[in-house]
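**Student:** next input, structure requested:
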Amino acid sequence: MEFVDSTALSTALPTLSVAFDTDPIHLKLALTSYILALAVLAPASGWVADRFGPRRVFMLAMGVFLIASVLCGFSRTLPQLVVFRTLQGLGGALMTPVGRLIVVGSAPRDKLVSALSWFTMPALVGPLIGPPLAGLILGVADWPWIFFINVPVGLLGMLAVSRYVPELPQPHPGPFDWKGYAIAAVAIILTIGAAETLGVGLVPVHIQMGMALVAVGAIALYVAHALRMKKPVLDLRLLKLSTFRASTAGGGLVRMGLGATPFLLPLMLQVGLG
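**Tutor:** Predicted coordinates:
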């Protein structure tokens with residue numbers, strides 16, 4: 001649902017720009033608001049899953065995602081769509097990380113690599129299905145059905161989770177790192193905000209520079225905080241592991257390309273090349 005939804009929406013941006021009477025580039029706020037909610041809540045997903053149970057949190061996340069999808073379909077203005085996409089991102093922020101925790105926690109050690117490969121397949125197939133699905137939907141119906149299509153898929157998914165996913169009791173994770181989470185959230189919000197407004201004239205340059213400087217300061221403050229804490233919300237000590245460090249750096253670069261291409265390519269084909 002997540003990957004199909006995002007790439008389908010990217011393909012439908014020119015159609016939405018006509019419906020909302022705005023520039024297609026400004027409609028990227030509908031994408032960025034989702035990513036922002038995803039990035040801000042994801043660091044807390046592990047603690048939330050340990051505290052309330054992965055299966056329960058996963059079901060709740062799917063429910064939030066479905067409700068937000070329906071609300072997105074009923075949006076009639078860009079601000080409404082941005083708000084409901086943010087709500088959708090809050091559900092999505094818990095779905096993928098908690099789903100991965102369930103797979104890792106329930107798969108036998110000798111089948112872990114195979115289980116994770118099955119878990120990765122939707123991330124590879126989703127971006128391939130999204131654009132042609134959006135084209136099909138826009139050819140026979142209106143843009144809200146890009147969101148409404150999530151409902152039957154999500155309900156089937158929730159039914160499958162309720163029947164087949166086991167309860168995984170977790171030890172109490174201890175107190176939540178609220179201070180670290182707040183600092184990390186500020187850093188994430190301002191970093192994405194500065195990048196989002198770059199070059200499109202939404203805010204003055206001096207405000208962009210101020211956002212970037214505060215973001216850098218918040219990142220430095222979080223690094224100092226995380227190295228002092230025993231259980232920070234994002235444990236930077238994991239980067240001492242060479243395999244984790246390599247996969248994080250390489251994966252980050254790959255994700256930039258994977259995230260940008262489904263947004264830029266449909267706009268180039270539809271808006272730039274007609």
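**Student:** where in this protein is pLDDT low?
**Tutor:** Confidence mapping of the chain against pLDDT under 70 gives the ranges 200-201.
**Student:** can you pull out the helices in the stretch 151-274 of the chain?
**Tutor:** Applying DSSP state H, counting those that start in this stretch to the stretch 151-274 of the chain gives helices spanning 178-197, 205-228, 242-267.
**Student:** and the shortest one, what does it pack onto?
**Tutor:** I take that to be helix 178-197. The elements that helix 178-197 packs onto, with contact taken as 3 or more C-beta pairs under 8 Å, 6 or more residues apart in numbering; DSSP states H and E, are helix 28-52, helix 205-228. (Each C-beta comes from the backbone N, C-alpha and C, glycine too.)
**Student:** which element, helix or strand, includes residue 119?
**Tutor:** Assessed by DSSP states H and E, residue 119 sits inside helix 112-140.
**Student:** list the buried residues in whichever helix or strand comes after that helix.
**Tutor:** The helix or strand immediately downstream of helix 112-140 is helix 145-148, counting by DSSP H and E. Neighbour-count burial for helix 145-148, with 16 or more other C-beta atoms under 10 Å as criterion, is recorded at 145, 146, 147, 148.
**Student:** so which elements touch helix 145-148?
**Tutor:** helix 2-20, helix 54-73, helix 112-140.
**Student:** winner for burial among the helices and strands packed on helix 178-197?
**Tutor:** The highest mean neighbour count among the helices and strands packed on helix 178-197, using mean count of other C-beta atoms under 10 Å, belongs to helix 28-52: a mean of 20.
**Student:** reformat the buried residues of helix 145-148 as TSV; add distance to residue 155.
**Tutor:** Converted to TSV, those look like this (distance: C-beta to C-beta, whole Å):
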residue	distance to residue 155
145	16
146	17
147	14
148	12
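**Student:** out of the residues you listed, which is nearest to residue 58?
**Tutor:** Nearest to residue 58 among these, counting by C-beta to C-beta, is residue 147 at 20.6 Å.
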